[in-house]
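> Turn this into a structure:
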Amino acid sequence: MKMIAMTVDSPSNDTGGLCRNIFDDNRCTTLLIVKIVFAILAICGCIFLIFVLWLFNKRSLFYQILLYIALGNILRSIVIVILPTELHGRHPWCIIQGILIQFTSWAIITWELCLTVHVYVTIFCTEETKHRQRIYHVACWGTSIIFSIIPLIPWEYGPAVTWCWLKDPVWRIATLYAEYMVFIVVIFILYVIIIVKIYRKRTTSLEEHRNLQQCRKRVRPMILYPCVIILEGILPLAFRFHNIFNSDEDASFPFTVAFAVGFIFWGWMFVTVYVLDPATRQDLLLIPGKCRERWGQQGIQEGLPPSSPTPQKGTNTDRTERDAVSISVISIAPSTKFVD
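Residues are numbered from 1 along each chain as shown. This next block holds a predicted model:
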């Protein structure tokens, strides 16, 4: 009997996590094809989203964070496609793949949390922080590096059926999935706070009331965004917890394939929902004309500062207008930018 406890989950066995030790050759070939096909689809999808960011001139910090998430997914998909996985745990390429998958996975989830924090801070903080972007970079990249180095100390990187990653499922939970579940809860809570505060806000003038009603209309879909994170993470989480609590059962091939697809698309769905907002989706048919416009004006516009004036601070009306601008980026009008 092929036991996960003696193969996939044994940290002392450098070859137990190989696909051929758990499934037959035909299934391993099928799994390999599925990984390559969906990884290429994820790469193409992220490249298209990056193209949309460039085409519609989405350059605010909000969209820069989405760019980092997309780049993280591209790097992880490339690693899955080009690096061999049927290697023993001591092979350098297996270690490199495991480290890169751990690093990019952490980069994706930390930047997803960072995006939500940025939305919250932009809406409710009266003082702008010039060093906010630097803090984001240090927190996200620093955390990703730390959690990539920790499993290297006890040499936990090795074959994990679908690719080289962490051999022991306990380490997978402790160094990624547990934190990911906490991030999901925090993101959900932050969005709930944003929605509740916007709906409880009171106005003192007709203009403020009009802006507030606009905010409330645009903020309604925001509760769906943490649901996207849950949707893209449910298969990887379910698969890993299944391996822990059912370690003495045979490996499920359909479950393994579903996990591989869900893990590859991790981050891509999140970026898609934010980038392809309703306004942008309506303009997708205008892409050819927009391309001609962008390429024709690239030489003229390159390096010029934005023409829109910076809103003044200090009044309640300005504060409400700033709230409307911030929410409209989320809701999502492509012509609106964050006040960074």
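
> Please make it C-alpha for all contacts and neighbour counts, starting now.
Noted.

> pLDDT-wise, which helix or strand of the protein ranks last?
Within the chain, no helix or strand scores below helix 316-331, which has a mean of 41 by mean pLDDT, DSSP states H and E.

> Okay, now the unreliable bits of this structure?
For the chain, applying pLDDT under 70 flags the ranges 1-17, 83-90, 126-130, 202-204, 215-223, 247-251, 296-340.

> all strands of the stretch 151-300 of the chain, in order?
With strands called from DSSP state E, counting those that start in this stretch, the stretch 151-300 of the chain shows them at 157-159, 164-166.

> Burial-wise, tell me which of the ones you listed comes out on top.
Burial of the strands of the stretch 151-300 of the chain is given as mean neighbour count (mean count of other C-alpha atoms under 10 Å); strand 157-159 ranks first at a mean of 32.

> what are the pairing partners of it, and which direction each?
In the sheet, strand 157-159 lines up against strand 164-166 (antiparallel) (DSSP bridges).

> about what we covered before: any chance of TSV for the strands of the stretch 151-300 of the chain, columns distance to residue 150?
Output for those, formatted as TSV (distance: least, C-alpha to C-alpha, whole Å):
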stretch	distance to residue 150
strand 157-159	10
strand 164-166	11
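
> right, so of these, which gets closest to residue 240?
strand 164-166 (11.4 Å; C-alpha to C-alpha).

> which other residues reach the closest one?
85, 87, 89, 94-95, 97-99, 101-102, 151, 156-160, 172 (C-alpha atoms under 8 Å, 6 or more residues apart in numbering).

> Repeat the analysis, applying 7 Å as the threshold.
Strand 164-166 has contacts (C-alpha atoms under 7 Å, 6 or more residues apart in numbering) with 85, 94, 97-98, 101, 156-160, 172.

> next one: stretch 180-187
Outside stretch 180-187, the residues within contact range by C-alpha under 7 Å, 6+ apart are 109, 113, 116, 226, 229-230.

> Quick one, which of these are buried?
109, 113, 116, 226, 229-230 (16 or more other C-alpha atoms under 10 Å).

> Need the max-distance pair from the contacts of stretch 180-187.
Farthest pair in the contacts of stretch 180-187, by C-alpha to C-alpha: 116 and 230, 14.4 Å.

> Quick one: neighbours of residue 107, just the number.
Other residues near residue 107 come to 24 when the count uses other C-alpha atoms under 10 Å.

> buried ones in the one helix or strand it maps to?
Per DSSP states H and E, residue 107 falls inside helix 92-124. If you call a residue buried by 16+ other C-alpha under 10 Å, then helix 92-124 has these buried ones: 93-123.

> and the residue nearest the centre of the chain, what is it in contact with?
Nearest residue to the geometric centre of the chain (C-alpha atoms, centre = their mean): residue 267, 3.1 Å. For residue 267, the contact set (C-alpha under 7 Å, 6+ apart) comprises 69-70, 73, 108.
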